[in-house]
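1. fold the following, please.
(2 chains)
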Amino acid sequence: MSNRHKILIANRGEIAMRIMCACRELGHDFVCLYTPEDKYSGHVELARELGGEQSVYKISNYLDANEIFSVADQANATAIHPGYGFFAEDFRFARRVVRRDRPMIFIGPSWWIIRDLGDKINTKRIARSLGVPTIPGSDRPIYDEMEAESIATHLFEFQRAQDIRGGMVLVKASAGGGGMGIEEVQDPDQFRSVFRRVRNYAKRNFNDEGVLIEQRIFDFNHLEVQIVSEHGGKRHVHFGTRNCSVQSTGKQKRIEVAPGFAPAEVPYAFDADRVLDEITRHSLAMAEEVGYDNVGTWEWIVTPRGEPFLMEVNTRIQVENGISAAISRVGEQEHVDLVREQIRLGLGDTLGYDQSDVRFSGISIEYRLVAEAPERDFAPCSGRILRFQWQEAPWLKMYTQVPKNGAYEIPMEYDPNLALVIIWGENLQQARERGVAFLDSLILEGEASGHGFSSNVAFLKARTQGLLEF
Amino acid sequence: MLNIKELLEDIKSNPYKEIIVRSPHTGTVEFAAGKSGDMVRGRAGTWGEKPGTLLAHLTREKNKKPIYAPEKGEIVNIRTELEGAFVEAGQELLTLRHYLTRKEVIERILKQALFLFRAPERAKYYFIPEVDQKLKVSGKRSVKVFEGMDMLIVSRMKRETPLAYSGPEGLIYSVYFHRGDNVDEGEPLLGVCPEDQLSTIQDVVARVQSEWEEDE
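-> Purely as a prediction, here's the structure:
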C-alpha cells in the first residue's frame, strides 16, 4: 500500500465522483474543482460531503493548467488525476505535473507514452511497424489542400477498384478525439469544402489545422480492448473487450457492451472468437512494445467480414471502463474497479496479479443518458431537470452528477451527459431484459424533457434489442 | 418612430453603470488601487492598447497578473480584507461606478432602432468563414444580410451547427457578441439596418453625439 496522498481531481461530473470514492476506498484525500456553471453538479455536493468545504475550489475553467496547479499548491496536493477529457491526454500537462518545482504524481501513463500514442498518426506508424492492421489512408497530418485532395482521389480510386459500394473518405482533425471533428465525403467534388471546414474546426478547437484522410469503412463494429499495465511498463493484463457500435450521428458512443461479441448467443459471419483474440493479442503486443504503464484502451474497427483495423489508442481511463469491470473478477475479489486500479498503479503500487487471475463472467451494458434529441440529429438540450428517479437493483450501477431528488441545471459548456448506467446479466438475453426494465423504470422530468430526455430513452430502448448483432 | 429626446432623458436620470471587478481565476490578491471614492481610468488608445488604472495583482504559478480598470469610474466598494489571500475564480474584488460614454449611449439607443437578430439559445457564436473574412477586410457595413442566409456557427455542448439569418434584408450595423464568449438565449447577436433606414440611424447617432455630455 502506498503512502497517504492528496489527489487533485482535475475533472467534473460522474468521473470526478468515482475518483473521489476510489480515493476514499484507498485511504487517500482529494481536492475537487468546479466552475460556476457546475455549481449544482453532484460532484461538488459529494466532495463537500466526503471531504468538507476545504476540499472544494471554484475555478474559472477546467482547461486552465495554471489554475489547476495554483489550487494543487494551495491545497498541498501530491498527485493529479485528470479523469477523461480535458487534460487526460495532454502530454505537456502530464510532463509539467512531474517536472515543476513542486512535482506531483500524474495518475495516468507517463507523459512520453501519452505523447507517442496520443498522436493518432504516430500510433498508426507504431502499429504498422509491428504488423498491426490499420485503416488505409494518410499516416501524417495533412495541411496542404492539394496534397489532401490527391490522397482523397487515390482512396476513391482504390475503393472503386475494390468494388466497394458508395466509396467514401473520412476527413478527421488529427488532434481531435472522441468523435469530434470528423466528416465524411462521398462526392470527390465536395472534398475541398469539407477539408476546409474540418481544418477550420480543428484550428478553433485544437489549435492545430492538421487533418487526416482515411478510407471510410462501412457497416463496421467499433471494438475496444481494455489494457491495465503496471508502473514501469513491464507487466500488462487485459480486462477484455467492449463493443461501442451504438453511436449518435455525431459519432458519440451511446451504448457500450462488454465483451465485444457474444458468439455463444449471436451468430456471426466470421469467427468472432478469433477476432477478439486477435485484437487482444495485438493490443497487448503494442502495450509491451511501448512500455505502456497505466490503464489504456486500444480502439478497433471490425468489418462485416471480420477484418480488424486499429483506429487509435486512448491513453486514459475511458468513460465505459465500468462495463469491463462489471464482467471481470480478479482472484478472489468480487468487485473490480478500474478507476481504483488506475490510482493504485499510478501511485506506484504493483499489479499484484497476472492474466491468469483475471476471469470473465456475463455481459454488461452501459447506457449513456444524455440530454439530447435523437430525432433532431442528436441536438444537445440544456435546461433544468426537476426529477430523476429509477428502480434500484443489485445488477445495476448508476453514476451521475444529477442529484437524485434535487433540481439540476444542465450546463451548456460541457457534454450533455447526465448519467452512466451499468447493467449486468448472466447472458446477453438477460442483460438486454434488465436494460429495458431499467429504462422503463426511469423517470426523468424537466424543462427540456419535451424535446430531449424521453426520445433519448426511447432511442436507447430501441437499440437494446439488436445489441451485439452484426 | 423613435423618441430620441425621451430616451436620452431616461438615460440621463440614471447615467451610471455598476461594474463589478472579479478575480478572473484563482490566485493570491494584492490590491494596487486606492480606496473607495478614488477615480480610475479605463482602457484607452485606438485599439484599447493602453491599460486602465492598475487595480490589483493576482499571482498564481509565479505569474503576477495585473487587473486593470476596464472602464473609467469611481471605486465604490473595495474588498481590502482580501489583501494577501488566495481567492477562487469569480471572487468580487471591487465595484466601479461608471458614467456612460457617448458611444455607450449610442449603442443603447441603437438597440431600439435596429433590427436585432437574437441568439436562439445560450451558446458561443461565430461567423461562417466567408462572412468573417468580409467583416475583417471591409468592415461591418459591408455585409448585406437576407432571410435564410447562412451566417453563423452555433457552438454548444461541443457541437457546432449552422445558423441562418432570419429578419429583414439590410446591412450589419452592430455586432454584439465576441468570439469565444457565451451569449444567453434572447440576447442580441447583430443589429441590422435596412438600407432605406440608414440615414435615420445616422441622424440618431448625430443627435446623441451633440446632446450627450461626456463626463470629464
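2. show me where the stretch 301-450 of chain A has its helices.
-> For the stretch 301-450 of chain A, applying DSSP state H, counting those that start in this stretch gives helices covering A:321-326, A:338-346, A:428-441.
3. need the residues of chain A near chain B, please.
-> Contacts of chain A with chain B, taken as CB under 8 Å from any CB of the partner chain, map to A:35-36, A:57-61, A:64, A:66-67, A:69-71, A:73-74, A:180, A:196, A:200-201, A:204, A:250, A:379-380, A:382, A:412-416. (Each C-beta comes from the backbone N, C-alpha and C, glycine too.)
4. is B:Lys50 bridged to anything, and to what?
-> Applying DSSP bridges to B:Lys50 gives these bridge partners: B:Ala44.
5. mean confidence (pLDDT) on the longest helix along chain B, please.
-> Counting by DSSP state H, the longest helix found in chain B is helix B:198-211. What helix B:198-211 shows for mean pLDDT is 85.
6. quick revisit: in CSV, list the helices of the stretch 301-450 of chain A along with mean pLDDT and mean neighbour count.
-> Formatted as CSV, the helices of the stretch 301-450 of chain A follow (pLDDT from 0 to 100; neighbours: other CB atoms under 10 Å in any protein chain shown):
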stretch, mean pLDDT, mean neighbour count
helix A:321-326, 97, 27
helix A:338-346, 97, 23
helix A:428-441, 97, 18
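7. got these as TSV, with distance to A:Ser41 columns?
-> Below are the helices of the stretch 301-450 of chain A laid out as TSV (distance: least, CB to CB, whole Å):
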stretch	distance to A:Ser41
helix A:321-326	19
helix A:338-346	18
helix A:428-441	23
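8. of all those, which lies closest to A:Phe309?
-> Nearest of these to A:Phe309, taken as CB to CB: helix A:321-326 at 21.2 Å.
9. what packs against that closest one?
-> Here helix A:321-326 touches strand A:236-247, strand A:253-258, helix A:338-346, strand A:363-370, strand A:396-400, strand A:417-425, going by 3 or more CB pairs under 8 Å, 6 or more residues apart in numbering or on different chains; DSSP states H and E.
10. now do the strand or helix carrying B:Val131: everything it contacts.
-> B:Val131 belongs to helix B:129-138 when assigned by DSSP states H and E. Outside helix B:129-138, the residues that touch it by CB atoms under 8 Å, 6 or more residues apart in numbering or on different chains are A:Arg196, A:Asn200, B:Tyr126, B:Phe127, B:Ser142, B:Val143, B:Met151, B:Ile172, B:Val175.
11. tell me the confidence at the last one?
-> Spelled out, it's B:Val175. 94.
12. same question, the fourth one
-> What the model reports as pLDDT for B:Phe127 is 94.
13. thought it was touching B:Asp150?
-> No: using CB atoms under 8 Å, B:Phe127 is not in contact with B:Asp150; the gap is 10.1 Å.
14. which of the two has more neighbours?
-> Set B:Phe127 next to B:Asp150 and count neighbours by other CB atoms under 10 Å in any protein chain shown: B:Phe127 wins out with 21 against 12.
15. chain B against chain A: which residues are in contact?
-> Counting by CB under 8 Å from any CB, the residues of chain B near chain A are B:24-27, B:60-61, B:63, B:86, B:88-90, B:121-123, B:126, B:129, B:156-161, B:182.
16. any idea how many residues pack against B:Val143?
-> Using other CB under 10 Å, the number of residues around B:Val143 comes to 21.
17. where do the domain boundaries of the chain fall?
-> I went with chain A, as the question did not name one. Chain A breaks down into these domains under automatic domain parsing: A:6-107, A:136-215, A:221-464.
18. oops, chain B please
-> Split by automatic domain parsing, chain B gives B:15-99, B:103-211.
19. which of those has the lowest mean pLDDT?
-> Looking over those, mean pLDDT reaches its minimum on domain B:103-211, with a mean of 90.
20. what's the end-to-end length of that one?
-> Between the start and the finish of domain B:103-211 there is a gap of 12 Å, counting by CA to CA, to the nearest Å.
21. wait, A:Phe191 sits on A:Ala152?
-> Yes: counting by CB under 8 Å, A:Phe191 does reach A:Ala152; the two are 5.0 Å apart.
22. neighbour-wise, which of those two wins?
-> A:Ala152 (26 against 21).
23. surely that one and A:Val169 touch.
-> Yes: the criterion here is CB under 8 Å, and A:Ala152 meets it with A:Val169 at 4.9 Å.
24. hey, what's in contact with both of the two?
-> Listed as contacting both A:Ala152 and A:Val169 by CB under 8 Å, 6+ apart are A:Val185, A:Phe191, A:Ile213.
25. columns secondary structure on top of those residues, output as JSON lines?
-> Listed next are those as JSON lines, based on DSSP: H, G, I helix; E, B strand; the rest coil:
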{"residue": "A:Val185", "secondary structure": "strand"}
{"residue": "A:Phe191", "secondary structure": "helix"}
{"residue": "A:Ile213", "secondary structure": "strand"}
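26. just give me the closest of those to A:Val266.
-> Nearest to A:Val266 among these, counting by CB to CB, is A:Val185 at 32.9 Å.
27. if we go by neighbour counts, what in the helix holding B:Val131 is buried?
-> For helix B:129-138, burial by neighbour count (16 or more other CB atoms under 10 Å in any protein chain shown) applies to B:Val131, B:Asp132, B:Lys134, B:Leu135.
28. starting from the next helix or strand after it, tell me which strands it pairs with and how they run.
-> Next helix or strand after helix B:129-138 toward the C-terminus (DSSP H and E): strand B:144-145. Sheet pairing of strand B:144-145 (DSSP bridges) gives strand B:170-175 (antiparallel).
29. doesn't A:Tyr57 belong to a strand?
-> Yes: assessed with three-state DSSP, A:Tyr57 lies in a strand.
30. just give the nearest non-adjacent residue to B:Lys72, would you?
-> Closest residue to B:Lys72 apart from its sequence neighbours, by CB to CB, 6 or more residues apart in numbering or on different chains: B:Gly42 at 4.1 Å.
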